[in-house]
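>>> any chance you could fold what I've pasted below:
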Amino acid sequence: MRLRHPATIFAPYDEVLDMNYSADGKALVFTAVQNGQNDIYLLRAGSRQPERLTNDLFDDQQAVFMPNGQEVVFSSNRYLDSTGHARPATFPNVVNNYDLFICHLDGRATPIEPLVSTISNETRPRPLSDDEIVYLGEESGVRGLFRYSRKTGQHQPISNFAANIQDFDLSMPSGALAFIPQVQARDLLFLYPHYDLPASLVVGKTSRQRILENRSQPAPVRPQAAAPQAAPATTPAAATPAATATPGKHRGSTAPLNPNNYQFEEDEDVAPVRPRRAPARTATTASRPGSNPAIAGPYRYDTRFMADNLMTGVAIDPLLGFGLSLQANLSDAFENNRFQASIFGQLDFRTSNINVSYTNVTRRFDWTLAYQKQAYFFDDGTGSGQLLRFGRHEVAPTLAYPLTHSLSLRAGPATTILAGRLPATARPTATLPVTIWATTRSWCSIIRVPPGSICW
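The predicted structure is shown next:
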């Protein structure tokens, strides 16, 4: 017996974002993702093949039926030009600003028309009737409810909440309003059993919204400068720069200042008449007149080290026991040079384990120079109270070749010096202490595989 998944009309789509039924229940409009595109589809009753209403690079979402069932309102980031028409569906024309559009299902040549288009986002349309639509807008800087009339072409706010509304639903027969605002990083559900839509509600705007609106305003049109008239030959004074300058545009003018249309001298369309003094030639200027100055650099950045990962605490060593530990790392801004140091010592301040290393990663091969010093003091076990002192010094230069960000090949010699001092009772002579030295050398090749390593 072979089991298979049941057939579904949504199998060709990667994800279904939202859907909405018509008022008579005979049609379904939904937004789905296919091949990375968000498009709107229409499924009629008695058919298992959805009709594609949009097919472009723009993100179309949140489609809902109008009460007449012949129109669909949706939110899209289609880019409109100055005449209100959508620009071609190319990547440069895809913006992050969503407006409201309506799609006619009567088969007309241009089925999609814009409804509400501002510099803010308009999302979540909900039809009140064939003429009015309620949606979420951000024209005040806070996402709230707005109402749009198709007859007048005007929209106005109908809510003035302090928090952004994430989603809402409005039932016209009862006037109930349910919405979800975000309060202190939490989504809460509120319900108004009866919400009267205000006819004229004045809503203030946030400072950020006012700045965005000012930046979106078109630049004022500059008045064209009048062409200078030829001066009579008998009046040489008329050819001076003061006579040909436009009044009110240069310094020293007595014309009143207009703060709404102020123009700087550097932005003038007409080149300044007054000649400027040529700058003194320096070593960085070009060799011939009129050429651009030579660009100096690049310069080596100032190497400054900063402390990183400074840790202090208590630790328990399996061999030494209880003690204090200190670890500090130093690196420059680009982490090309790294210093690492750590120390572990017992409370007698004699037994210790010190590690210091320097790593340079400025070239293809990384190299490290590490030094470790260990000093151990133990009781001789005879009950005499004398201590045995053992010391270990190790110097290990290492050369590493990175293969990936977490895998590298390391090799280098390691020199270890062991020193031990016996107590006075065990010395062969009473005049000089006996010190045992042992030097070992080894070559180690390591491939680092986090979290451990393999050495051979």
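>>> who are the contact partners of the closest residue to Ser352 other than its chain neighbours?
With sequence-adjacent residues excluded and distances taken as C-beta to C-beta, 6 or more residues apart in numbering, Ser352 is closest to Gly345, at 4.1 Å. (C-beta placed from N, C-alpha, C; glycine too.) If a contact means C-beta atoms under 8 Å, 6 or more residues apart in numbering, then Gly345 has Gly323, Leu324, Thr351, Ser352, Asn353 as its contacts.
>>> apply 10 Å and report the result again.
Leu320, Gly323, Leu324, Ser325, Leu326, Thr351, Ser352, Asn353, Ile354, Ala375 (C-beta atoms under 10 Å, 6 or more residues apart in numbering).
>>> how about it: which residues does it bridge to?
Gly345 forms beta bridges with Leu324, Ser352, as assigned by DSSP bridges.
>>> follow-up on the earlier one: out of the contacts of Gly345, who's the most crowded?
Scoring the contacts of Gly345 on neighbours with other C-beta atoms under 10 Å, the highest-scoring entry is Thr351 at 22 neighbours.
>>> so that residue makes contact with Lys373?
No: with contacts counted by C-beta atoms under 10 Å, Thr351 stays clear of Lys373, the gap being 11.7 Å.
>>> and the strands in the stretch 251-400 of the chain?
Under the criterion DSSP state E, counting those that start in this stretch, the stretch 251-400 of the chain contains strands at 306-317, 321-331, 337-345, 352-360, 366-379, 387-402.
>>> distance-wise, check Arg364 relative to Ala400.
Per C-beta to C-beta, to the nearest Å, Arg364 is found 10 Å from Ala400.
>>> I meant Arg215, not that one.
To Ala400, Arg215 is 51 Å away according to C-beta to C-beta.
>>> for those two, work out which one has more neighbours and name it.
Higher neighbour count among Arg215 and Ala400: Ala400, with 18 against 8, using other C-beta under 10 Å.
>>> now the strands of the stretch 251-400 of the chain in CSV, with mean pLDDT and distance to Ile417?
Putting the strands of the stretch 251-400 of the chain into CSV (pLDDT from 0 to 100; distance: least, C-beta to C-beta, whole Å) gives the following:
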stretch, mean pLDDT, distance to Ile417
strand 306-317, 82, 21
strand 321-331, 87, 23
strand 337-345, 90, 19
strand 352-360, 91, 14
strand 366-379, 87, 10
strand 387-402, 88, 4
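>>> can you tell me which of those is nearest to Phe146?
Proximity to Phe146, assessed across those by C-beta to C-beta, is greatest for strand 306-317 (51.0 Å).
>>> kindly format the C-alpha coordinates of the closest one as CSV.
Extracted as CSV, the C-alpha positions of strand 306-317 are listed here (Å, rounded to 0.1, in the frame of the first residue of the first chain):
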residue,chain,number,x,y,z
MET,A,306,43.2,47.9,23.7
ALA,A,307,42.4,45.5,26.4
ASP,A,308,40.0,42.7,25.6
ASN,A,309,38.6,39.9,27.6
LEU,A,310,40.0,40.8,31.0
MET,A,311,39.0,38.2,33.5
THR,A,312,39.8,37.7,37.2
GLY,A,313,38.6,35.0,39.5
VAL,A,314,39.4,31.9,41.5
ALA,A,315,40.2,28.5,40.0
ILE,A,316,41.1,25.0,41.1
ASP,A,317,44.0,23.3,39.3
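>>> rewinding a little: relative to Leu53, how far out is the residue nearest to Ser352?
On the measure of C-beta to C-beta, Gly345 and Leu53 end up 75 Å apart.
>>> what do you get for Ala162?
Distance from Ala162 to Leu53, by C-beta to C-beta: 37 Å.
>>> and Arg44, by the same measure?
12 Å.
>>> now do the shared contacts for these two.
Leu105.
>>> and these two? Which one has more around it.
Just comparing Arg44 and Leu53: by other C-beta under 10 Å the higher neighbour count belongs to Leu53, 19 against 14.
>>> for the chain, give me the ranges with low pLDDT.
Within the chain, the stretches with pLDDT under 70 are 1-3, 5-6, 80-86, 219, 221-293, 301-303, 380-381, 383-385, 421-456.
>>> domain parsing for it?
Using automatic domain parsing, the domain parsing of the chain gives 15-216, 306-455.
>>> closest to Pro298 out of those?
Nearest to Pro298, of all the domains of the chain, is domain 306-455, at 13.6 Å by C-beta to C-beta.
>>> strands along the stretch 1-150 of the chain, start to end?
All strands of the stretch 1-150 of the chain, identified by DSSP E, counting those that start in this stretch, fall at 15-21, 27-34, 37-44, 51-52, 60-65, 71-76, 99-104, 112-116, 122-127, 132-137, 144-149.
>>> could those strands be laid out in CSV, adding distance to Leu369?
Supplementary listing: the strands of the stretch 1-150 of the chain in CSV, determined by distance: least, C-beta to C-beta, whole Å:
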stretch, distance to Leu369
strand 15-21, 55
strand 27-34, 55
strand 37-44, 57
strand 51-52, 67
strand 60-65, 59
strand 71-76, 62
strand 99-104, 63
strand 112-116, 68
strand 122-127, 60
strand 132-137, 63
strand 144-149, 64
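>>> closest to Thr312 out of these?
Between these, strand 15-21 lies closest to Thr312; by C-beta to C-beta that is 51.1 Å.
>>> and that closest one, what does it pack against?
Helices and strands touching strand 15-21, by 3 or more C-beta pairs under 10 Å, 6 or more residues apart in numbering; DSSP states H and E, are strand 27-34, strand 37-44, strand 60-65, strand 71-76, strand 122-127.
>>> deepest of these, which one?
Mean neighbours per residue, mean count of other C-beta atoms under 10 Å, is largest over the helices and strands packed on strand 15-21 for strand 71-76, with a mean of 24.
>>> mind listing the strands it pairs with, and their directions?
When pairing is defined by DSSP bridges, strand 71-76 lines up against strand 60-65 (antiparallel), strand 99-104 (antiparallel).
>>> got the angle between the first one and strand 37-44?
Between strand 60-65 and strand 37-44, the angle comes out at 20 degrees (axes from the mean of the first three to the mean of the last three C-alpha atoms, to 10 degrees).
>>> dump the strands paired with strand 71-76 to JSON lines, plus distance to Tyr79.
Below are the strands paired with strand 71-76 laid out as JSON lines (distance: least, C-beta to C-beta, whole Å):
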{"stretch": "strand 60-65", "distance to Tyr79": "13"}
{"stretch": "strand 99-104", "distance to Tyr79": "9"}
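>>> and the lengthiest helix in the chain, what does it pack onto?
Using DSSP state H, we find that the single longest helix of the chain is helix 207-216. With contacts defined as 3+ C-beta pairs under 10 Å, 6+ apart, helix 207-216 has no helix or strand neighbours.
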